[in-house]
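In: coords below, sequence missing:
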Ligand SMILES: [Fe+2]
């Protein structure tokens, strides 16, 4: 029989996030406080329910773990099957991302004078335990993919709002910009 997930770790992290996000609104300061706490959460891999780490053969999954009732943050698991990737997209809110299992590639983009996204620098590889962040005012357009072609990868994301309901943008292969509201793959785990 499988050991049940250690939800105490997740509950503690959510409590910490709630305290931080209800006292501070400046993105850079929030990120500075959240990063070490996410790193501490990622030091253990015994707390995520298997249903929230389940890949789908068709596309990457975005499971809501928790949405702050005040709307100040959301916590999401991204699950990447082999070869899966996001479209090029933005966020409109700050974000902190950490790798729980496997690895992913994060390719930053910048808009050229015509508003077409162009790769900006080399893709960044996130390995287990790595944590990165972004702020919209510093450029938050990117494309993320599973770095592994033979295994599932899982990353944990904290966003400065209800990311599944946030109106943002994606760019098609031809550079056309489209409105984008991502939604979630499943409902929240913590009630
Ligand atoms: Fe993203």
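Out: Thanks, I have the structure now. Bear in mind that the values here come from a model prediction, so they are computed numbers and not experimental data.
In: have a look at this structure and report its longest strand.
Out: strand 103-111 (DSSP state E).
In: ramachandran angles for residue 40?
Out: phi -60, psi -40 (degrees, to the nearest 10).
In: which of the three states applies to residue 125?
Out: Under the three-state scheme (DSSP: H, G, I helix; E, B strand; the rest coil), residue 125 adopts strand.
In: quick check: it touching residue 105?
Out: Yes. Using CB atoms under 8 Å, residue 125 is in contact with residue 105, at 5.7 Å. All C-beta spots, glycine's among them, are computed from the backbone N, C-alpha and C.
In: could you find the closest non-adjacent residue to residue 106?
Out: residue 124 (4.6 Å; CB to CB, 6 or more residues apart in numbering).
In: stretch 110-126: how far from the chain's middle?
Out: 19 Å (CA atoms, centre = their mean, to the nearest Å).
In: what's the answer for stretch 129-145, then?
Out: 9 Å.
In: how about stretch 44-53?
Out: 15 Å.
In: do a quick rundown of the strands in this protein.
Out: Using DSSP E, strands in the chain cover 61-67, 74-80, 88-89, 95-101, 103-111, 117-119, 124-127, 131-134, 141-146, 153-159, 168-171, 177-180.
In: what residues does the second one touch?
Out: Residues outside strand 74-80 that contact it (CB atoms under 8 Å, 6 or more residues apart in numbering): 13-14, 17, 48, 52-56, 60-68, 100, 102, 104, 144-146, 152-159, 161-164, 184.
In: no further questions, thank you.
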